[in-house]
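Novice: Return atomic coordinates for the entry below.
(2 chains)
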Amino acid sequence: MFETISYETRGKTAWITLNRPDKLNAFTSLMHKEMVSAIKEANKDSNVRAVVITGAGRAFCSGQDLTGSPEGADYGDVLRKGYNPMVQALVAMEKPVIAAVNGVAAGAGMSLALACDFRIASEKASFIEAFIHVGLVPDSGNLYFLPRLVGHAKAMELAVLGEKITAQQAKEFGLVTKTVSEEEFMLEVEIFAEKLANMPTKAIGLIKRYMNKSWESDLNEVLEYEAQAQKIAGESADHQEGLHAFIEKRKPAFTGK
Amino acid sequence: MSNYETILTSIEDGIASIQLNRPRVLNAINRPMVTELLDAFESFDRNDEVKAIVLTGSERAFAAGADIDEMKEDTAVSLELLNQFKEWDRLATIKKPIIGAVNGYCFGGGFELALCADILFAAENAQFGFPEIKLGVMPGAGGTVKLTKLMGQKKALEWLWLGDPMTADEALQYGVINRVIAPELVVDGAKKYAKIVASRAPLSTRLIKETVYKSIDYSTHEGMQFERKNFYLLFSSQDQKEGMKAFVEKRPAEFKGK
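Specialist: Residues are numbered from 1 along each chain as shown, chains lettered A, B, ... in the order given. Predicted structure coming up:
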């Protein structure tokens, strides 16, 4: 179905794997298009309640494929047409998205990881704000997400100095949820995704929607968003299930609805 | 209710609802739909039971545009003789409050229909636009004029020339819509608002609507003269007596619309 990525659903989780291992999964314009299609597919499929994005081979994603970019290309338009729709689709997806960072996440590859809701890093993963080394600026939402995740001062350090960050450092900066040994990495990601996929998906989607909006809102606006979100969640089947399970002293079986 | 083919109508607690109902074509507006819409609006306007009217589309689209198949063979003369926009003109004569709730796509003729509502609520994921320019034409049911009056000449030209969609937040920023609401709640929000308006003195609601629209085209002086007459007019209503009496007696007023 796809050339540059693979897409499969296992149980309630959709797995999107960047699949150009010989190029360290570098982005091409086709890959942008395929990513958007895969994200939309996962979004539409009501059986999918968590999404994992990972890389084939030893890298997560090395960023833009510099060998493939045509001379004289308008970098702004490359972003507008390629990367930006992908980031927007990821943020608009009201399901939890996990970046399973198996290896190096460089440049726009790091941006992709930052646009996800959770990052699980293999101990051999690393992050690098590579843009500055070729005289460019972080893009694909990087300048938006990074200071929000690690704070302004640390984000400036990372973006301007462009030094490689180990998985352990990323954990210390609050950039990743957890680090896992290489051997247990895939198993841990599966367990984490499975756990999320069995949670109240509608509520998770609402949390994601309004936490994202909180960055551009004042308190009064957020109080109103919360009121709307709570009305919606309060009418969900999972809320009823949660209440019943609590009263009946059993584990809730959420359906995501 | 009446047997409409392109819309669904209902009345609940004094609030009439009109839902565009051609979901397979994303509620594309064709001529029969406009005829039915006008019929529904006019009958609700005459119906004493109805205090306000809510206009909605479907989850994916309010209305994605006009039915292009219907008009692609038209000529200037055939359109002049058809005089289809006469019905649109009559939509502007509805006296009761019209609250629009927009989900999803709201383009072209759909956007023009939405702009016929007095108050517009939009879902966070709603998209508005006039893509007519991409088809070699331009808005024909008031889009160019109303958008300009709402957002000003500079911004209106920018959108109309590009024909690209604007987000709900942009539409809010430029004064095209009133509120942005969660997609799940936008219809509910419009109905809640309609109920509040319905609880106000109906004659006041009516004359305020008339005066606000007059003030768009009148000079300030003429507008204020017009306002004054309507203000005086309300003193011939029972509701004015009741409203002021209730205020003095510190109790809620009971308006009868008379």
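Novice: Now do residue B:55: how many residues are near it, please.
Specialist: 26 (other Cβ atoms under 10 Å in any protein chain shown). Bear in mind the C-beta positions are built from the backbone N, C-alpha and C, glycine included.
Novice: which residues does it bridge with?
Specialist: Listed by DSSP bridges, the beta-bridge partners for residue B:55 are residue B:18, residue B:100.
Novice: what sits against it?
Specialist: Each residue near residue B:55 by Cβ atoms under 8 Å, 6 or more residues apart in numbering or on different chains is listed here: B:17, B:18, B:20, B:98, B:99, B:100, B:101, B:113, B:114, B:116, B:117.
Novice: give the contact list for the third one.
Specialist: It refers to residue B:20. Contacts of residue B:20 by Cβ under 8 Å, 6+ apart are B:6, B:7, B:27, B:29, B:33, B:55, B:56, B:57, B:58, B:62, B:63, B:113.
Novice: tell me which element the residue nearest to it when sequence neighbours are not counted is part of?
Specialist: The shortest distance from residue B:20 to any non-neighbouring residue, by Cβ to Cβ, 6 or more residues apart in numbering or on different chains, is to residue B:27 (4.1 Å). Per DSSP states H and E, residue B:27 falls between elements, in no helix or strand.
Novice: Can you give me the domain boundaries for chain B?
Specialist: B:7-199, B:202-248 (automatic domain parsing).
Novice: need the next SSE after the helix or strand of chain A with the lowest mean pLDDT, C-terminal direction.
Specialist: Every helix and strand of chain A was ranked by mean pLDDT, DSSP states H and E. The lowest is helix A:75-78, at a mean of 93. Next in sequence after helix A:75-78, counting helices and strands by DSSP H and E, comes helix A:84-92.
Novice: Contacts for that next one next, please.
Specialist: A:32, A:35-36, A:39-40, A:43, A:97, A:111-112, A:115-116, A:140-141, A:212, B:125.
Novice: if we can go back for a sec, among the contacts of residue B:55, who's most crowded?
Specialist: With neighbours taken as other Cβ under 10 Å, the top of the contacts of residue B:55 is residue B:101, carrying 29 neighbours.
Novice: related to what we said a few turns ago, which among the contacts of helix A:84-92 count as buried?
Specialist: Among the contacts of helix A:84-92, those that count as buried by neighbour count (16 or more other Cβ atoms under 10 Å in any protein chain shown) are A:32, A:35-36, A:39, A:43, A:97, A:111-112, A:115-116, A:140-141, B:125.
Novice: Going by residue numbers, what spans are helices in the chain?
Specialist: Defaulting to chain A. Here chain A has its helices, by DSSP state H, at A:29-44, A:75-78, A:84-92, A:108-115, A:142-150, A:152-161, A:167-172, A:185-197, A:201-214, A:219-234, A:237-247.
Novice: look at chain B instead
Specialist: B:31-46, B:68-71, B:76-82, B:85-91, B:109-114, B:143-151, B:153-162, B:168-173, B:186-199, B:202-217, B:220-234, B:238-248.
Novice: Those: lowest mean pLDDT?
Specialist: In terms of mean pLDDT, the lowest-scoring of the helices of chain B is helix B:68-71 (a mean of 88).
Novice: gap between that helix and the chain center?
Specialist: Distance of helix B:68-71 from the chain centroid (Cα atoms, centre = their mean, to the nearest Å) equals 24 Å.
Novice: Identify the residues contacting that helix?
Specialist: Counting by Cβ under 8 Å, 6+ apart, B:28, B:30, B:31, B:79, B:135 sit against helix B:68-71.
Novice: run the last query once more with 7 Å
Specialist: With Cβ atoms under 7 Å, 6 or more residues apart in numbering or on different chains as the test, helix B:68-71 has contacts from B:30, B:31.
Novice: Which positions in chain A make contact with chain B?
Specialist: Those residues of chain A that sit near chain B, judged by Cβ under 7 Å from any Cβ of the partner chain, are A:228, A:229, A:231, A:232.
Novice: what do you get if the cut-off is 6 Å, keeping everything else the same?
Specialist: Chain A comes close to chain B at residues A:228, A:232, as judged by Cβ under 6 Å from any Cβ of the partner chain.
Novice: In terms of residue numbering, what are the domains of chain A?
Specialist: If you go by automatic domain parsing, chain A breaks into A:5-197, A:201-247.
Novice: of all the ones you listed, which gets the most neighbours per residue?
Specialist: domain A:5-197 (a mean of 19; mean count of other Cβ atoms under 10 Å in any protein chain shown).
Novice: just to revisit the earlier point, least confident of the helices of chain A, on average?
Specialist: For these, mean pLDDT drops lowest on helix A:75-78, to a mean of 93.
Novice: so how far is it from its chain's centroid?
Specialist: 22 Å.
Novice: Please save the CA atoms from that helix in CSV.
Specialist: Extracted in CSV, the C-alpha atoms of helix A:75-78 (Å, rounded to 0.1, in the frame of the first residue of the first chain):
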residue,chain,number,x,y,z
TYR,A,75,12.2,25.5,1.5
GLY,A,76,9.1,27.4,2.8
ASP,A,77,6.9,25.6,0.3
VAL,A,78,8.5,22.3,1.1
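Novice: Outside of it itself, list whatever touches it.
Specialist: With Cβ atoms under 6 Å, 6 or more residues apart in numbering or on different chains as the contact definition, helix A:75-78 has no outside contacts at all.
Novice: Count the residues that sit near the spatially closest residue to residue A:198 that is not a sequence neighbour.
Specialist: Of all residues not flanking residue A:198 in the chain, residue A:254 sits nearest, at 6.2 Å (Cβ to Cβ, 6+ apart). Look at residue A:254: counted by other Cβ under 10 Å, it has 22 neighbours.
Novice: Check residue B:226 too.
Specialist: Taking other Cβ under 10 Å as the neighbour definition, residue B:226 ends up with a count of 16.
Novice: The residue nearest to it when sequence neighbours are not counted and residue B:156: what is the separation?
Specialist: Distances taken as Cβ to Cβ, 6+ apart put residue B:214 closest to residue B:226, at 5.2 Å, once the chain neighbours are dropped. Relative to residue B:156, residue B:214 is positioned 22 Å away (Cβ to Cβ, to the nearest Å).
Novice: Looking at those two, which is more packed in?
Specialist: Each of residue B:214 and residue B:156 has its neighbours counted (other Cβ under 10 Å); residue B:156 has more, 21 against 14.
Novice: Surely that one and residue B:145 touch.
Specialist: No: shown here, residue B:156 and residue B:145 do not form a contact pair, counting by Cβ atoms under 6 Å, at 9.2 Å.
Novice: Check the gap between residue B:113 and residue B:64 for me.
Specialist: Distance, residue B:113 to residue B:64, using Cβ to Cβ: 11 Å.
Novice: list residues touching both of those two?
Specialist: With Cβ under 6 Å, 6+ apart, residue B:113 and residue B:64 have no common neighbours.
Novice: Closest one of the contacts of helix A:84-92 to residue A:162?
Specialist: Nearest to residue A:162 out of these is residue A:111 (Cβ to Cβ; 13.7 Å).
Novice: Right, I'll leave it there.
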